[in-house]
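Undergrad: Next come a sequence and a model predicted from it.
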Amino acid sequence: MITVAEEQSRILHADELEKLMAALSRKGYEIIGPSVRDQAIVYERIESAAQLPAGWIDEQERGCYRLRRREDQAWFGYAAGPQSWKRYLHPAEVQLWSAERSGGTFRILNNEVWPKPRYAFLGVRACDLAAIEVQDRVLIGDKYRDAIYEGLRQSVFIVAVQCTRAAATCFCASMGSGPRARGGFDLLMTELISAEGHRFVVEVGSKGGAEVLAELQTTPATGADLQEAEAAVNLAASQQVRSIDTTGIKDLLYQNFDHPRWDNVAARCLTCANCTMVCPTCFCTTVEDVTDVTGDHAERWRRWDSCFTLSFSYIHGGNVRTSSKARYRQWMTHKLASWIDQFGTSGCVGCGRCIAWCPVGIDITEEVRAIREGNNHGNT
Ligand code: SF4
Ligand code: SF4
């Protein structure tokens, strides 16, 4: 008997991936996918499967990220690189408008300079699907909507790829955001390399996904294919060595505002803001006006900002978070506690980027554990 899962899943052979990319291009998408640059796996514009990171694996630990060769030619064998899809949906720099002084008048030249490419994201992991969902809620899920994010987000086509391996920094399983992707994609692929060959088990998540898949040569997935895919994703879950116990975490952090651990972490934190830059959910921005030396041309830019910068907390009369203790506490308490009050979800999806890219190796999972262990307020 054929099961529903078998009926809904197809096998795409590895040499058809190029055709998937061609089908997306024909539909007018600019394909953004993983590739190797500067000894890291980054997401950038790709035009061919030859640009994918075939045969590379990422080793990650606190303050450490390096690529090394794996034994096979898997295209999606890595975990999470330094960038997330935030780079494209919520760009680091956006020119909001420019203006020119001519004679006695000041004229706005444009206020819609931001192009709206149609992106197809290839290789989105479960944690990053969860992060996109978080940013959807923050940036377009309420009365005040971010028009730039909305313009970019509404036309995105997502090809998600299941993780079949976890880095030592991953802890999505404990955050309930992975490693299995459960929604938010147009197509979902699990890469398999075994005696049956290099292939993908593909599931459809949308009408658009079904249309793209219909243009490709696929065969029905067998029960054995599905079992192999299931085992591969289970392996990624079982490999995770880090976790956060989220039980009562909101109250735990609210009640431990004066915990001595904040002094401990502050003594190590450089307030460099790396953790917020790499975090796929951090969304804070600032606005800067610049003029040329003549004063005749002006531009307004929106740029990523961070709660780790001193100026971020500037309000009338001065900065309210002058110490690194106040800034680290703000970041972690917002991520794991007040985010829940604000947006109904955690601000952390367990991607582990902030652990790998912190230059002094501060580990959010360890900080939560230390506060829980020294908690005298009745939370377990
Ligand atoms: S806080 Fe760290 S682990 Fe959590 S989503 Fe952000 S970068 Fe990833
Ligand atoms: S926790 Fe690490 S990455 Fe974040 S600001 Fe401090 S030193 Fe930088």
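TA: Arrived safely, thanks for sending. Ligands and ions are numbered 1, 2, ... in the order given.
Undergrad: Please, where are all the strands along the stretch 201-350 of the chain?
TA: Using DSSP state E, counting those that start in this stretch, the strands found in the stretch 201-350 of the chain span residues 219-220, 285-291, 297-304, 314-315, 318-319.
Undergrad: any idea which of those strands is most buried?
TA: Among the strands of the stretch 201-350 of the chain, the stretch with the highest mean neighbour count (mean count of other CB atoms under 10 Å) is strand 297-304, at a mean of 16. No exception for glycine: its C-beta is placed from N, CA and C like everyone else's.
Undergrad: Ala266 reaches Arg321, doesn't it?
TA: No. Distance between Ala266 and Arg321: 11.3 Å, which falls outside the contact criterion (CB atoms under 8 Å).
Undergrad: Under the pLDDT cut-off, which ranges of the stretch 101-250 of the chain? List them.
TA: With pLDDT under 70 as the threshold, the stretch 101-250 of the chain has low-confidence stretches at 111-114.
Undergrad: Count residues in the vicinity of whichever residue of it sits closest to ligand 2, would you?
TA: Taking CB to the nearest ligand atom as the measure, the stretch 101-250 of the chain has Thr169 as its residue closest to ligand 2, at 13.0 Å. Here the number of neighbours of Thr169 (other CB atoms under 10 Å) works out to 27.
Undergrad: Over to it: give its phi and psi.
TA: phi -90, psi -10 (degrees, to the nearest 10).
Undergrad: which residues does it contact?
TA: Applying CB atoms under 8 Å, 6 or more residues apart in numbering to Thr169 gives the contacts Gln60, Glu61, Arg62, Ala79, Ala80, Arg242, Gly352, Arg353, Ile355, Ala356.
Undergrad: and the residues you listed, which are buried?
TA: Buried by 16 or more other CB atoms under 10 Å: Gln60, Arg62, Ala79, Ala80, Arg242, Gly352, Arg353, Ile355, Ala356, out of those.
Undergrad: nearest to Ser102, of those?
TA: Nearest to Ser102 among these, counting by CB to CB, is Arg353 at 46.1 Å.
Undergrad: quick one: contacts for that closest one?
TA: For Arg353, the set of contacting residues under the criterion of CB under 8 Å, 6+ apart consists of Ala80, Pro82, Ser84, Thr169, Cys275, Val278, Cys279, Pro280.
Undergrad: Tell me the spacing between the fifth one and ligand 2.
TA: According to CB to the nearest ligand atom, to the nearest Å, Cys275 and ligand 2 sit 3 Å apart.
Undergrad: Tell me the spacing between the residue lying closest to that residue once chain neighbours are set aside and Gln255.
TA: In space, Cys275 comes closest to Cys354 once its chain neighbours are excluded; the distance is 3.7 Å by CB to CB, 6 or more residues apart in numbering. To Gln255, Cys354 is 23 Å away according to CB to CB, to the nearest Å.
Undergrad: next one: Ala224
TA: Applying CB to CB, the value for Ala224 to Gln255 is 51 Å.
Undergrad: ok so, going back, could I get the contacts of Thr169 in a markdown table, plus columns for distance to Val212?
TA: Written out in a markdown table, the entries for the contacts of Thr169 read as follows (distance: CB to CB, whole Å):
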| residue | distance to Val212 |
| --- | --- |
| Gln60 | 32 |
| Glu61 | 38 |
| Arg62 | 40 |
| Ala79 | 26 |
| Ala80 | 25 |
| Arg242 | 35 |
| Gly352 | 31 |
| Arg353 | 29 |
| Ile355 | 35 |
| Ala356 | 33 |
